[in-house]
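# whatever this is, show me its structure:
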Amino acid sequence: MILPSNDLLSEVLKHDYSERLFTIISIEDNNLVGRYDCGSGEPTGLGYEINIYELMHLMKEWTYKYGHEMVSYHIQDSNEWRCLYAHISIDLNIDKRVGFYAETEFEAVTKACEYILEQLKDK
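As a prediction, this is how the structure comes out:
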């Protein structure tokens, strides 16, 4: 499972989720689960959960804030509708698109957002 980076969570949720403070553990029952480090250096029982569909919506809104439009949808792969695809239109220019394939919509959207975050860091 592809999980969002701490940097991406911090950007999208507007809160400090730096690796020093917060460790993403897993996705359980459609919730992204993380634990805080309260000074011991190890994730504690104090946690945070966010529904992955709510997070995905916030990530798509975040891309628009930076002049990108994201669309995610199923594509057919070997006669099965299982593979997911997310594409972003750079600077809302439909002729310039970047695509990201993944096994789940959440993973595809996460890959696309991580790409945008890297582009922002390079500027």
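
# centroid residue for this structure?
For the chain, the residue nearest the mean C-alpha position is residue 110 (2.9 Å; C-alpha atoms, centre = their mean).

# that one: which element?
Per DSSP states H and E: residue 110 is located in helix 105-122.

# quick one: residue 24 is in a strand?
Yes. The assignment for residue 24 by DSSP: H, G, I helix; E, B strand; the rest coil puts it in a strand.

# was I right to think it contacts residue 47?
No. Contact criterion C-beta atoms under 8 Å: residue 24 and residue 47 do not qualify, at 10.5 Å. Where C-beta positions appear, they are placed from N, C-alpha and C, glycine not excepted.

# for these two, list the residues in contact with both.
Counting by C-beta atoms under 8 Å, 6 or more residues apart in numbering, the common neighbours of residue 24 and residue 47 are 33-34.

# those two: which is more packed in?
Each of residue 24 and residue 47 has its neighbours counted (other C-beta atoms under 10 Å); residue 24 has more, 18 against 13.

# name all residues that make contact with the more buried one.
Per C-beta under 8 Å, 6+ apart, neighbours of residue 24: 3-4, 6, 9, 32-34.

# rerun that using 6 Å as the cut-off
Each residue near residue 24 by C-beta atoms under 6 Å, 6 or more residues apart in numbering is listed here: 3, 34.

# please, which helix or strand holds residue 57?
Secondary structure from DSSP H and E places residue 57 in helix 52-65.
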